[in-house]
Every structure is written in C-alpha cells, then in structure tokens.
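Peer 1: This is a predicted model, with the sequence first.
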Amino acid sequence: MGIGLLILIVLGLAGCGFLLGRQRALSLVEGDARRLHSLPSYYGWSVLLFTAVPALLLTAAWLFLQPTVVAHRVAASIPEATVTARGGLDLVMTDIRRISEGLDLIARREGLDTKAVAALGTDTALKERLGAVGVAAGAGSDPAVFDAALAWRETSAGLHRAMTIAVLLLAAAGFLFAFLRISPALRARNLVEQFVLVLLISCSLIAVATTFGIIASLVAESWSFFRIYPASEFFLSTVWNPKFGGGSQLGLWPLVWGTIYVSLIALAVAVPIGLLAAIYLSEYATPRLRATVKPLLEILAGIPSIVYGLFALITVGPILRDWFAMPMGLGASSSSVMTAGVVMGIMLIPYVSSLSDDIINAVPQAMRDGSFGLGATQSETVKRVVLPAALPGIVGAVLLAASRAIGETMIVVMGAGAAAKLSLNPFEAMTTVTVKIVSQLTGDTEFASPETLVAFALGLTLFCFTLALNVAALVIVRKYREQYE
Amino acid sequence: MNVMQIAERATATATAKMTARGVQVHYGENHALKDVDVDILAGTVTAFIGPSGCGKSTFLRCLNRMNDTVASARVTGEIRLDGEDIYDRRVDPVTLRARVGMVFQKPNPFPKSIYENVAYGPRIHGLTRNRAELDQVVETSLRKAALWNEVKDRLQAPGTGLSGGQQQRLCIARAIATAPEVLLMDEPCSALDPIATAQVEELIDELHTQFSVVIVTHSMQQAARVSQRTAFFHLGHLVEYGETGQIFTNPRDPRTESYITGRIG
Ligand SMILES: Nc1ncnc2c1ncn2[C@@H]1O[C@H](COP(=O)(O)OP(=O)(O)OP(=O)(O)O)[C@@H](O)[C@H]1O
Ligand SMILES: [Mg+2]
C-alpha cells in the first residue's frame, strides 16, 4: 500500500470519526445540545484529532527513521572485502541504494515478482537494463553488492508493511478510544483547545529547531575547516588570497571590512532619505498624495536586486568613475564600494521609509495634539514628540535594512567587483563576505579543501555578525522602551 | 450649594478677551456646531455645559484652531482674540496656540520624563534663560497643578508611568508652564478623585486672576463652584449663555432648566 493511500485512509477514518463523534454526543443527550458540556462539533473534533494526529505522526517518524534502520541492517551483511575493494562503506551504501531503486523501477515497469528480480543478478545485461531506467550503477555486476541491494529491497518492503499495519492500528485505536470516551460531561472543548495549543507549540518548535539545525551544520563544516586551516590565520590575517594549488591565505578581515564599508554607505544613503520621506508622507503629505506616493515607493522594493545590479554596472558605476573618482584622482575603476553602496542604499530606501511610515503613523494623534496645543510647530512636534516616540520602531527598521545590506550579494558582485582588499578609498573595488561564500563554494576545488570549506566559516562569521546586530538592536529598543513608555 | 451664594458672586465687569460670532463647524456632512455667539471675558472662568456630543469640545477647539489638525473639519464665522480675527490668514496658528493653551479631554502626556513634559512649552518658546529658571518654572507649574508633592522625587521618571489622574494634572502643569493668556480645559477633572478635583478647582480659582479660563464639565456642581459665566450647549446650538448664578437659579430657556435639573442629557 502506498503512502498516499495510507494517509487518505487515515484521513477518511478521521472524517468519519468527526461525523460519528458528533452524532454520538448528540444521541447521548437525545438531541438536546444544551446538556452537553461543549458544542456537538467539538466532540467530533476530538475523535478526528485522536484518530488522525497520532497515526500521521507515527507515519512521519517511521518514514524519517526507516532508511537509517535499513542501512544499518544491510551494512552489517556486506563482506569486509567488498567494502575495502570499493573504497569505503559510504560509497558502497550509495551504490546499493541506487541499485535497489533501479531494481524497483525495473520491477514496476516490467511487472516482475521477487523471484524474477532476484534472477536479474545473473543477467549479463543488468547494467544496460539499469541504465535504461536512468540508474548508472557500475557496481551492479558485483554479486555481493547485488545481494545487498536485494536485501535492502526486502527489508524496506517488510518495514513498510509493518508501518502500514501499525499506522492503521493506531488510527483505529485512537478512533475507538476517543469515540467511546464521549459522554455529555466530557470537556471536548478544552480538549480541542489543548490540541490546538500543542499544534501551535510544535510549529514554533519547528522554526526554532530549523534555526538550530542551520547553525549546527554551519558549525560542523566550520569545524572541519579549522582542522585543516589554522584558526589564527583565518581570524588574524589581513590577506585574502585563495590559490587552487593550495597554500592559500584565507584572512577574514578584507571581506569583513568590505561588508561593513558597503553596508555603511548603503545605510548612509537609505536611512536619511527613507526616514525623511517617511516623515513627509506621514506628517505633511495630504492623504491623496500619500495614497499615490507610498505604493510607488513600494514598487522600488519589489525590483529584484539583480536589476539594481545592472543599474550599478552600467549607470552608477561609470558615472561615479567619470565624475568623481577620476577628477579626484581616486582611481579608474567603475566597480567600487561607492557604486555598490549607493545602489544598495537606493534599494533599501523603500524598506526604511515604508516601515518607518507605519511606525510613525502608529504614534497616537493625541501626542501631536498635545504638542500643537502648546504652540509647537509641525517640525518641532515631529522632532521632539513623534520621532522620540517612534524611535524603538525606527531603530528596528534601520537594523532590518542593515541586515539586508549585509546579506546582499548580487549588487556587490556587479557593483563592487570581486577583489578582496583592505582599503579606505571608497572608489576602489572591494568585495564582501557573501560574494566570497558564493565564489568559494562554486569554485573548482575539491569539497574537502580549505578553499571550499572556508565558505562555511565565513557563513558562521556572518551569522554571528547579524546575531550581534540583532542583540544590539534589542538592547537599544528595550532601553528606550523603559524610558518612553 | 447655597443658591444665594452663587447669585451674589461678584462678576468682574471685565472686557471681552475672546469674542465668537456666528461660528459654524462642519465635520464633513455633520453640522456639529450651529451659529454660536460667545464672549469670553478677561479674568473670568467660563464653563461650558451640555449633554455628550453637543459640541462643547468642538467649540473649545475652535478657540485655538486645533480643528485645523482635523482634515474633515470646516470652521466658518468669526473668532477674535483681543480684537484680532484668529482665522485671519496673517495669524499664525502656532503663536495663537501659545497664547491660548489647552488641556485635552483625555490625558496625553508625551513619552518623555515628567520634567521634560512640563519643560516642553518653555523650551520651544524660549521662555527661560537658564536651567535654574526652567527648574523654577517646572516646579511652580507642578505645584499649581497639585502634583509636585507626588512627583518631586521622580522628575526624571516617564510621564506616561503616572496614574490617569496624575497624568491629567501633568497635562495641566504642562499647559500653564507655557503661560498662556487663555486656558482651555476640556473636562480636566473627569479622571480625578475628589481631593485632586478640589485642588484643580482651587488652581482654576487662582488662575483666573491672571488669565481667562474656559472649562468644559459634566458636573453641574463643578460649573457652579468654579465659574463666573456658564454657556449651555445642546445639539450644536448655544442655548443659553450668562452669569453662572443666573443660569443655575433662573434659567430663561426651558431646555437649560431641564438639563440642570437632570431631565435631559
Ligand atoms: N474629529 C471629528 N471628526 C468627525 N466628527 C467629529 C469629530 N469630533 C467631533 N465630531 C462630532 O461633532 C459632534 C460634537 O462633538 P464634541 O466632541 O464637540 O462633543 P462634546 O460636547 O465635547 O461631547 P462630550 O461631552 O462627550 O465630550 C459630535 O456629533 C461628534 O460626532
Ligand atoms: Mg468633549
């Protein structure tokens, strides 16, 4: 029985449970719903939940664990000689998995039974037949591997049957338990409430767990990087010079500096313009003007960053070079920190302005009235009352913009170039952490080399960076909250 | 309250500080105030009474052009302060509001410290020359608003952290720190306990020697206690306006009488 069918059966049972549970609750009180503790549908829900949720959870857990269990069992049966001959257990297991998948496909396509599949082992054309279903397996001719693949299929099928039975039993048990439990005094409403609570908690746990999973994978790969490359070099060296042949210098600082420099320029462009635009829109503009300008600004936010990148490459870069960099004798490169920073700033304007506008609008009108009533002008009111009241939110908006600036890649590639440099000259080409993560991971070097693994260490650094930024934001916001609320 | 006491209250034969003639206010389609004529006398406490929604706050907001901040509001008619039309194009509403201060119906302290709340007006109008003078103004204003003893040890605490009644007194202190010529108070005591109410009434009594006070109130007793003149509004009309004693003891309009005796409202 396929997984889809199994789930459908469970859901169907649960649906019946809903109807029957509701029915039973009503019939227990002879149709007088007022004598029930909860509304009749809550009794239906309780049966539905008890039927579906444990069974579906079991299915999910089983599917998650099954491959590990199968692999474990099959691995134990492979002769030591085969493992060494084929270059390690991992490779052999990959082959076995592939071949067993291929055998599945062949069996399904040609309608073979188990015996006929086992007979394939002696078929000299096995390799071609596997190739015909899209599985490239050179090891298929090795009898040990083929036997293991057969064992894999068998174990999987057995476990699958066991799962089907277990899930159906569990669903039926849940159904009976919840159905028989129904009585007019049963607090079905509270039961459903608790189920909802558990559901909500598990969803938020998934979010948290994913975050931890991401961190864990970053840390694990960074760890293997630091085992083959000295951490002191990475953190203290000021030279970034990866070489394919080995002997690279992978100093972090040129990249971090590039990131900070570009982000600072971007924020210097985006924060004043965005904030002032927000103040104009929310405090001065007529409602009609606001209704047209705000969507226009938000269109800017919808432009993909690669388009901004093009804008940087063909417009802003050459202009900055011809009008500023060359006359001032600061360089002749059209890729520069300035180009990327300015364009990124333009990209961030709508973020800052749109968020700040909402925040400023949330300041109660009574605050403004109080200030106007004391004879303050509009700008005094904005400066002394509205902005301080909106400050925590504005700080949040700016930090959101900052983390976007730090994570932006496309504009930097196209606007600032790819040369890692430690320089103060804003008209020189530089690069950022994110750009280097991409280029190191997509480079030609082998995965286990420091040149590739450094990407994870960089990612971890970036993560710590934005984490620190967020914590700082939280502290600032909390401090002002205390002062202003 | 002793009726004779009210009737005999001396009303200063003062000149008109503000005069309103034929004031109409529309909020979009809603005709909220219809043809109101009122003289606010100098050095006098004027009370506005009337049932909820009759336009008291609306009229009060006309007197310092706070209705300018309401997009849908349209004010017509003529209001003069010391003979000068305040809706004239040459009049700056900002300076007008510094001269005609306001305490709002709902307390609205700024999200700043208590000190900064009171110092707000003096700061923006440059009323004091140094910090010591400012401290002095803050203290006097808080004392007048009967708040000083409660907050003198925590002037740097946020004003929004005070209780509702304390916040309202803070707003009163904030308004008088700006030293206006006319003080408009929209139900200043609606959130106050009897003791604080008495203190605010005392303050109003003290203030009217220096400037005109206009107070909106739902308490007949309060109107009778603190005011020299009373205006009764009903459904956007000014029904009756005269000396407090006369309004409370001998109203000319039957609607006024019904309201005062509690039959409408
Ligand atoms: N900002 C506004 N926009 C639209 N209509 C308003 C506004 N303010 C007041 N109104 C309307 O004007 C009329 C008078 O309101 P106003 O606030 O002056 O009443 P009030 O006499 O102060 O009442 P209360 O004693 O309840 O404070 C009401 O019908 C009200 O709905
Ligand atoms: Mg009112």
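Peer 2: Good, I have the coordinates. Residues are numbered from 1 along each chain as shown, chains lettered A, B, ... in the order given. Ligands and ions are numbered 1, 2, ... in the order given.
Peer 1: shaky segments in chain B?
Peer 2: Applying pLDDT under 70 to chain B flags the ranges B:1-14, B:264-265.
Peer 1: how about the residues of it near chain A?
Peer 2: B:64, B:66, B:69, B:71, B:94-99, B:101-102, B:104, B:106, B:108-113, B:120-121, B:124-125, B:158, B:160-161, B:171, B:174-175, B:178 (CB under 8 Å from any CB of the partner chain). The way it works is simple: take the backbone N, C-alpha and C, and place the C-beta from them, glycine included.
Peer 1: Could you list which of these belong to strands?
Peer 2: The strands, defined by DSSP state E, take in B:101, B:102 from the residues of chain B next to chain A.
Peer 1: Just the buried ones from the residues of chain B next to chain A?
Peer 2: Among the residues of chain B next to chain A, those buried by neighbour count (16 or more other CB atoms under 10 Å in any protein chain shown) are B:64, B:66, B:94, B:96-99, B:101-102, B:104, B:106, B:108-113, B:120-121, B:124-125, B:158, B:160, B:171, B:174-175, B:178.
Peer 1: Now go through these and say which are in helices.
Peer 2: B:94, B:96, B:97, B:98, B:99, B:120, B:121, B:124, B:125, B:171, B:174, B:175 (DSSP state H).
Peer 1: Let me know the closest of those residues to ligand 2.
Peer 2: residue B:171 (14.9 Å; CB to the ion).
Peer 1: so the closest one sits right up against residue B:107, yeah?
Peer 2: Yes: here residue B:171 reaches residue B:107: they are 5.3 Å apart, a contact under CB atoms under 8 Å.
Peer 1: what's the pLDDT at the residue of the stretch 301-450 of chain A at minimum distance from ligand 1?
Peer 2: Going by CB to the nearest ligand atom, ligand 1 is nearest to residue A:365 of the stretch 301-450 of chain A, at 9.4 Å. Per-residue confidence (pLDDT) for residue A:365: 89.
Peer 1: got a list of what it touches?
Peer 2: residue B:69 (CB atoms under 8 Å, 6 or more residues apart in numbering or on different chains).
Peer 1: how near is it to residue A:330?
Peer 2: Distance, residue A:365 to residue A:330, using CB to CB, to the nearest Å: 49 Å.
Peer 1: Same question for residue A:291.
Peer 2: Residue A:291 is 44 Å from residue A:330, by CB to CB.
Peer 1: which one of those two has more residues nearby?
Peer 2: Per other CB atoms under 10 Å in any protein chain shown, whichever of residue A:291 and residue A:330 has more neighbours is residue A:330, with 17 against 10.
Peer 1: quick check: domain ranges of chain A?
Peer 2: Domain ranges of chain A: A:3-204, A:240-484, per automatic domain parsing.
Peer 1: export stretch A:17-27 as CSV, just CAs?
Peer 2: Coordinates of each C-alpha in stretch A:17-27 appear next as CSV, following Å, rounded to 0.1, in the frame of the first residue of the first chain:
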residue,chain,number,x,y,z
GLY,A,17,-14.8,10.0,13.3
PHE,A,18,-15.8,13.6,13.2
LEU,A,19,-19.3,12.8,12.0
LEU,A,20,-19.8,9.8,14.2
GLY,A,21,-18.4,11.5,17.3
ARG,A,22,-20.8,14.4,16.8
GLN,A,23,-23.6,12.1,16.2
ARG,A,24,-22.9,10.1,19.3
ALA,A,25,-22.6,13.1,21.5
LEU,A,26,-26.0,14.3,20.3
SER,A,27,-27.6,11.0,20.6
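Peer 1: For that stretch, list every residue counted as buried.
Peer 2: Quick answer for stretch A:17-27 (16+ other CB under 10 Å): A:17, A:18, A:20, A:21, A:22, A:24, A:25, A:26.
Peer 1: JSON lines for those residues, including secondary structure?
Peer 2: Output for the buried residues of stretch A:17-27, formatted as JSON lines (DSSP: H, G, I helix; E, B strand; the rest coil):
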{"residue": "A:17", "secondary structure": "helix"}
{"residue": "A:18", "secondary structure": "helix"}
{"residue": "A:20", "secondary structure": "helix"}
{"residue": "A:21", "secondary structure": "helix"}
{"residue": "A:22", "secondary structure": "helix"}
{"residue": "A:24", "secondary structure": "helix"}
{"residue": "A:25", "secondary structure": "helix"}
{"residue": "A:26", "secondary structure": "helix"}
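Peer 1: What is the nearest of these to ligand 1?
Peer 2: For these, the nearest to ligand 1 is residue A:22 (47.7 Å; CB to the nearest ligand atom).
Peer 1: quick one: pLDDT of the closest one?
Peer 2: Value listed for residue A:22 in the pLDDT field: 92.
Peer 1: how about the nearest residue to residue 73, chain neighbours excluded?
Peer 2: By default, I'm working from chain A. residue A:155 (5.5 Å; CB to CB, 6 or more residues apart in numbering or on different chains).
Peer 1: ah, I was thinking of chain B
Peer 2: In space, residue B:73 is closest to residue B:67, 4.2 Å off (CB to CB, 6+ apart).
Peer 1: cool, residue A:381 as well?
Peer 2: residue A:371 is the one closest to residue A:381 (CB to CB, 6+ apart), at 4.1 Å.
Peer 1: Next up, the contacts around the one you found.
Peer 2: The neighbours of residue A:371, taking CB under 8 Å, 6+ apart as the test, are A:380, A:381, A:384, A:385, B:110, B:120.
Peer 1: what's the spacing between the regular element (helix or strand) spanning it and its chain's center?
Peer 2: Secondary structure from DSSP states H and E places residue A:371 in helix A:365-373. A distance of 44 Å separates the centroid of the chain from that of helix A:365-373, by CA atoms, centre = their mean, to the nearest Å.
Peer 1: Mind listing what's buried along it?
Peer 2: Those would be A:366, A:367, A:368, A:369, A:370, A:371, A:372, A:373, for helix A:365-373 by 16+ other CB under 10 Å.
Peer 1: Can you tell me what sits against whichever helix or strand comes after that helix?
Peer 2: For helix A:365-373, the following helix or strand on the C-terminal side (DSSP H and E) is helix A:378-381. Under the criterion CB under 8 Å, 6+ apart, residues A:283, A:284, A:368, A:371, A:372, B:124 lie in contact with helix A:378-381.
Peer 1: okay if I get those as TSV plus distance to residue A:166?
Peer 2: Listed next are these as TSV, based on distance: CB to CB, whole Å:
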residue	distance to residue A:166
A:283	64
A:284	67
A:368	65
A:371	69
A:372	71
B:124	75
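Peer 1: Widest-spaced pair of these?
Peer 2: Taking CB to CB as the measure, the contacts of helix A:378-381 span a maximum distance of 18.7 Å, between A:284 and B:124.
Peer 1: Now name the helix or strand holding residue A:8.
Peer 2: Using DSSP H and E, residue A:8 sits in helix A:3-28.
Peer 1: Which elements pack onto that helix?
Peer 2: The contact analysis (3 or more CB pairs under 8 Å, 6 or more residues apart in numbering or on different chains; DSSP states H and E) places helix A:3-28 against helix A:40-77, helix A:143-181.
Peer 1: Tell me which of the ones you listed sits nearest to ligand 2.
Peer 2: Nearest to ligand 2 among these is helix A:40-77 (46.3 Å), distances taken as CB to the ion.
Peer 1: what's in contact with the next helix or strand after that closest one?
Peer 2: Using DSSP H and E, the helix or strand that follows helix A:40-77 towards the C-terminus is helix A:80-85. Helix A:80-85 has contacts (CB under 8 Å, 6+ apart) with A:89, A:92, A:142, A:144, A:145.
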